[in-house]
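Chemist: Fold the following for me, if possible:
(one chain, ligands or ions: 2)
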Amino acid sequence: MKSLLKSLVEIPAPPGHEKELRDFVREEIETMADEIRVDSMGNLIVRKGEVREGGKRIMIASHLDEIGLIATHIDKRGFIRFTNMGGVYPSYLLGGRVRFLDGTRGVIDVEGSGKRKKVPGLDKMYIDIGAENENQCSIDIGDVAVFDRPWLDLGKRVVSKALDDRVGVAVMVETLRKVHQSPKRTPHESWFVFSNQEEVGLRGAGPAAYQLEPDIGLAIDVTRTGDTPQGVKMDVSLGEGPAIKIRDKGMLSHPEVVDWMIDVARKHKISCQREVLERGTTDAASIQLTRGGVPSGCLSIPCRYVHSPSEMVDWDDVQQAAILLEKLLFEPFLGS
Ligand code: CO
Ligand code: ZN
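Modeler: Ligands and ions are numbered 1, 2, ... in the order given. Model prediction:
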């Protein structure tokens, strides 16, 4: 799964530009799917199994897209002004490098370069691709870029851009593989949705849920941690297992979904953490509010430095998340 994750993070997929990554994932899973399609939003939707005795229709979503930048203006000297696609923190940009979808690379600096003490807003920053003037600049208004930073394997922990949410994508691909290879059949009809445009407002998952009319919705995504020096007060740490979301800024998980997740984790002796996140949300929030409402929850992978070019996860957490998701799909949902 590690080499899969490395391949996934290296394919750029800012919001609205998920096709290359979607094609890669499709190729990876095509032979394991009972049904596969891409909807008009660009979500990749895969069915595995059908509802059997005691089973439910379960939608599981992780998003393909990553945060990015979009060019808004190019000046006479070829400097590119930009704005954000999703939650981009100015402090993570200065001195960093970005890559546009055509492969053009550039560095980011700020007006008054070298003189500033405080981190200014994005409107004071620019991308320098080494162009000598406007005519030489190969980038157009509306072109998009992502962080350009190599994958770093620290052994138990890995570091990369876009672990949010390629780590969820990897967990879903791995789970689909396990379900496919299992001699047992699951009681559920599982719909694996590789959603898009999550980072700009959970835009893909809602329409997918509307089509699928699931009984239960689950997102697989990263969550923050409280385990760094003077970090936020939050009882989630790297290496203590996947987290079961109880609440985030956009959703209260359905209590029966939370109980199901906790019970199954206990039964299979998978250690996990209870998550209350004060900022951010996931696709589960938009699934939950689809049609007449969908009981929803989220399986989170603890991640430090979320939305930076160097997000960090613990490899055991990732593997345990895949095991827990697999177990969930083989256990009945006992809620109403
Ligand atoms: Co995110
Ligand atoms: Zn995410």
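Chemist: So residue 210 belongs to a helix, correct?
Modeler: Yes - under DSSP: H, G, I helix; E, B strand; the rest coil, residue 210 sits within a helix.
Chemist: Any idea which residue is closest to the centre of the chain?
Modeler: Per CA atoms, centre = their mean, the C-alpha nearest to the average position across the chain is that of residue 165, at 1.9 Å.
Chemist: same question for the helix or strand hosting it, mean pLDDT?
Modeler: Per DSSP states H and E: residue 165 is located in helix 163-181. Averaged across helix 163-181, pLDDT comes to 98.
Chemist: same thing with stretch 229-242?
Modeler: 96.
Chemist: If you count neighbours, what's buried in that stretch?
Modeler: Buried residues in stretch 229-242, counting neighbours by 16 or more other CB atoms under 10 Å, are found at 234, 236-242. Quick note: C-beta positions are derived from backbone N, CA and C, even for glycine.
Chemist: Same check on stretch 115-129?
Modeler: 122, 125-127, 129.
Chemist: What is the nearest of those to residue 208?
Modeler: residue 122 (30.4 Å; CB to CB).
Chemist: who in this protein is up against ligand 2?
Modeler: By CB under 5 Å from the ion, the residues of the chain that approach ligand 2 are 164-165, 221.
Chemist: let's see 8 Å
Modeler: 62-63, 164-165, 168, 198-199, 221-222, 280, 282-283, 306 (CB under 8 Å from the ion).
Chemist: so of those residues, which ones are in helices?
Modeler: Under the assignment DSSP state H, the residues of the chain next to ligand 2 contribute 164-165, 168, 283 to helices.
Chemist: between those, which is nearest residue 320?
Modeler: Distance to residue 320 across these (CB to CB) is lowest for residue 168, with 13.8 Å.
Chemist: Show me what the closest residue to that closest one other than its chain neighbours bridges to in the sheet.
Modeler: Of all residues not flanking residue 168 in the chain, residue 62 sits nearest, at 3.1 Å (CB to CB, 6 or more residues apart in numbering). Per DSSP bridges, the residues bridged to residue 62 are residue 194.
Chemist: Would you check that residue 62 makes contact with residue 220?
Modeler: Yes - Residue 62 lies in contact with residue 220 (CB atoms under 8 Å); the separation is 4.4 Å.
Chemist: Now do the shared contacts for these two.
Modeler: Jointly contacting residue 62 and residue 220 under the rule CB atoms under 8 Å, 6 or more residues apart in numbering are 165, 168, 171-172.
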